[in-house]
Every structure is written in structure tokens, then in C-alpha cells.
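J.: the following comprises the amino acid sequence and a computationally predicted model.
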Amino acid sequence: MEHDRDTIMRADFVIDFGPGAGADGGLIVSEGTPAQIAADPESVTGRYLCGREKILRMRTPSKRIRGFLTLEGAKLHNLKGITAKIPLGKLVCVTGVSGSGKSSLVAQTLYPALAQMLGSSLAVPGPYRAITGLEHVDKVINISQEPIGRTPRSNPATYTKVFDSIRNVFAELPQSKIRGYGPARFSFNVRGGRCEDCEGAGVKRIEMHFLPDVFVECSTCRGQRFNKETLRVAFKGMSIAQVLDMTVRQAMDLFERIPAVYKVLKVMDDVGLGYIRLGQPAPTLSGGEAQRVKLARELARPGTSHTLYILDEPTTGLHFADVKKLLHVLDRLVAAGNTIVVIEHNLDVIKNADWIIDLGPEGGEEGGRIIAEGPPEAIAACPASYTGRYLREVLEEA
């Protein structure tokens, strides 16, 4: 499975799935040599391979900088006591070859240091001398690819909090008022409305000795999580279980006149998750999907405009079309005044950055230094930067 253009073009044979994702995907759209895929007008992948469709620079990096957050003297692992300046209110990419110190700088020093200082974590950061400019940041959020939950009880609807609004809609229905049902009746975590045989999980856990536990569908509710009385209440003909089984796009049509629900669903669709089911168990989501669910939750909540977001290689596993959607999402967060720091190798993301911090020149002990920093053009002009050499090519094409 690969989405890198150069790697695909070197393949002997390509199988391209689509045409969409989720229920709209699963079909082989095109197969053959890279040249055959590129020439197939039905293939979305082919459009990017032949250049009919491109990820362009969305905007010219603004030269106006409202200030810097500066991490001084970072020394974890191979970092050579470096000082990194992060412009506020910008999309900042941290680049460099594998082992150059990107994760040591961002994930293991910057993030835990800020989280500790802002009181949101007790994690111990790597050694550093000082951080200045923190007065311009009131929150730091690490949007990782870690699962949004470890059990089938966790799902996109509960994580984004849209399920709270959906339960309120069901509680306001005449059928619910007659029966005295409140929002809790439509929760699978609370006694009363849920199936007690599986305690609202929809599945039962079978413990296996020396093997991972196995989940099987509950024979009482048949995976619907709720008891029969709760399932009799319907919104536009749909029970609460049927709503959870809908994709985001299907639910958008159902709740188009309910702003509190529609707003969150629209954001989920904007980040490229229109195909996932609202009640899809968290363990079945890929790392990229989990990361985009987290992004959707951040976009849906009221912002402070002074949040610093950290993402570690968010394009991993994403198709060209998904990368384009991700860039629009990141642009929305920056436009609201937030700062985004991304560890990234994808040149389409890097060329759209306002500012780049390039580490290297090599990995391991030969890395850990800042080779170049500044807007993409400054990195492209640096002869010592490996990133700059490749970035120069894509900027000339843009």
C-alpha cells in the first residue's frame, strides 16, 4: 500500500482501489503499469500521477509574524543544544532525514515542556535551557495517531461529542416525552436504555488463554446496544442504533436541520471522514482516521486562537486527495490564529508551510543540528539541506 508518487511510478504493477472510500470504495478502479494508471481518466490516483490534478500552494507564506515561541538549548539524544524559533499563528514544518532529531525536538522536548508549563501534563521533557514566548500560547494539543479509545464503546460520535447532541434530539421527541425518556436513555453506557446482556457494548468479550481476547456479537440485541423499548423511539424513522450505523454523510442528510449536530458532522466530512460510521468501534479505525477524528473535534469546538497543535507525520497512509483535504483543515486552524507544528516528509505539505525548521544534515550523531530555517524559499536556497534540494524542484513546478 503506497501513496508516494515516485514510489508508485517505479512499481511494475499497480492496483488502484476506489472510486471513493468506505461504502463508496472497495472496487478495483484500474490496474496495470503506472503509465496505464496515469492514463486512466476514471482513476483519481492516475490524475495525480500524470499531473492532471495537483496539490498546489494554497497561499503565499505571510511575512507578518506576531511573535516567536523559542525553545533554547535542546539536548535530548543527538540534539546539539539547538535553539528552535517557532513563529506564532503559522503552519510550521519540522523536516530532515530519518534520525535527524525531529521527534526528539518536537514530540519529546517541545510538547512535554509546554504541556508541563501549561499544567496539562506531568510528562518529563528532554533537557533544554529555556522557553520564551509562552505568554502567547494558552493551550498545547498533541494530535497523534494513537487510537481514540481501546474498546468498542469508543467511537467517532462519542469522541467528537456529537452523540450528546444526537441524544438530546431523541430526548425531545414526543415519543420520548410520553415515556419520560431523557438523554441518558439513549446512552449505551447508562442503565435503563441499553442492552443489559452486553451492557451496551453490542459485543461480548471472550477471554482466550494465551491468545488475544475475541469479541462476538451480542445475541440479545444483535449488536444494536439498546433494549427493544429504546429502539422503538425513532427520529425520521431511524432508531438510535440505526443512526449510529449511519455514515457521516448519511447522518448529515438526516440532521441537516439540527445545527448542533450538523456542524460537527460537516467538520468530520471536511477532514475526509464522510465514509466512516458514527458508531464505528475505535479499534477498527486506522491511525490516520483516528488522527482526523481528533482534528474534527478540535475544529468543532470553540477556539481560543492561541492554541499550539502538534502533529507527527499526519500524511502517513493518506492518498493525494486526502492530503489536499488535510491541508485545507490545517489552513482553517491557522486562519483562526492558531499555531501548528508538523513533523513531515511529504513535500506537498512542506511547500505549503509558512516556516520550516530543517534538521540534519544526516541521522544519528551526524544530525541534531538546524541546517536551515525560514519560509520554503529559504530552505530551497540552502545547498546544505537535503530537504531544500527536493523542495526546490516542487516549488519550481508550483
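T.: It's in. Numbers count the residues shown, from 1 in each chain.

J.: list the buried residues of stretch 244-255.
T.: By neighbour count on 16 or more other Cβ atoms under 10 Å, the buried set for stretch 244-255 is 244, 245, 246, 247, 248, 249, 250, 251, 252, 254, 255. All C-beta spots, glycine's among them, are computed from the backbone N, C-alpha and C.

J.: need the contact list for the third one.
T.: Read it as residue 246. The contact partners of residue 246, taken as Cβ atoms under 8 Å, 6 or more residues apart in numbering, are 238, 254, 277, 278.

J.: identify the residue spatially nearest to the last one, adjacent ones excluded.
T.: Just to be clear, that refers to residue 278. residue 157 (4.1 Å; Cβ to Cβ, 6 or more residues apart in numbering).

J.: and for the one you found, the neighbour number?
T.: Number of residues near residue 157 (other Cβ atoms under 10 Å) recorded here: 28.

J.: and for residue 221?
T.: Counted with other Cβ under 10 Å, residues neighbouring residue 221 total 24.

J.: that one and residue 195 touch, don't they?
T.: Yes. Using Cβ atoms under 8 Å, residue 221 is in contact with residue 195, at 3.7 Å.

J.: report the beta-bridge partners for the nearest residue to residue 208 once chain neighbours are set aside.
T.: Nearest residue to residue 208, sequence neighbours excluded (Cβ to Cβ, 6+ apart): residue 214, at 5.9 Å. On the basis of DSSP bridges, residue 214 is bridged to residue 206.

J.: ok, residue 214 to residue 206 distance?
T.: When distance is defined by Cβ to Cβ, to the nearest Å, residue 214 is 5 Å away from residue 206.

J.: same question, residue 266
T.: Counting by Cβ to Cβ, the separation of residue 266 from residue 206 is 39 Å.

J.: same check, this time on residue 385
T.: Taken as Cβ to Cβ, the span from residue 385 to residue 206 is 54 Å.

J.: which of the two has more neighbours?
T.: Legend: neighbour count by other Cβ under 10 Å for residue 385 and residue 206, higher for residue 385 (23 against 9).

J.: now do the contacts for the more buried one.
T.: Taking Cβ under 8 Å, 6+ apart, one finds 358, 360, 361, 371, 372, 379, 391 in contact with residue 385.

J.: so what secondary structure elements neighbour the one helix or strand residue 250 maps to?
T.: Per DSSP states H and E, residue 250 falls inside helix 248-254. Helix 248-254 sits against helix 259-270, with contacts defined as 3 or more Cβ pairs under 8 Å, 6 or more residues apart in numbering; DSSP states H and E.

J.: can you rerun that using 10 Å?
T.: Helices and strands touching helix 248-254, by 3 or more Cβ pairs under 10 Å, 6 or more residues apart in numbering; DSSP states H and E, are helix 156-159, helix 162-171, helix 240-244, helix 259-270.

J.: quick check, distance from it to the centre of its chain.
T.: 20 Å (Cα atoms, centre = their mean, to the nearest Å).

J.: got the buried residues for stretch 389-398?
T.: 390, 391, 392, 394, 395.

J.: let's have those in a markdown table, adding pLDDT.
T.: Listed next are the buried residues of stretch 389-398 as a markdown table, based on pLDDT from 0 to 100:
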| residue | pLDDT |
| --- | --- |
| 390 | 93 |
| 391 | 95 |
| 392 | 93 |
| 394 | 88 |
| 395 | 89 |
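
J.: got CSV for those, with distance to residue 310 and secondary structure too?
T.: Below are the buried residues of stretch 389-398 laid out as CSV (distance: Cβ to Cβ, whole Å; DSSP: H, G, I helix; E, B strand; the rest coil):
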residue, distance to residue 310, secondary structure
390, 24, helix
391, 22, helix
392, 27, helix
394, 24, helix
395, 25, helix
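
J.: adding distance to residue 315, write these out as TSV.
T.: Putting those into TSV (distance: Cβ to Cβ, whole Å) gives the following:
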residue	distance to residue 315
390	15
391	15
392	20
394	14
395	18
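
J.: and of the residues you listed, the nearest to residue 73?
T.: The nearest member of the buried residues of stretch 389-398 to residue 73, counting by Cβ to Cβ, is residue 391 at 27.8 Å.
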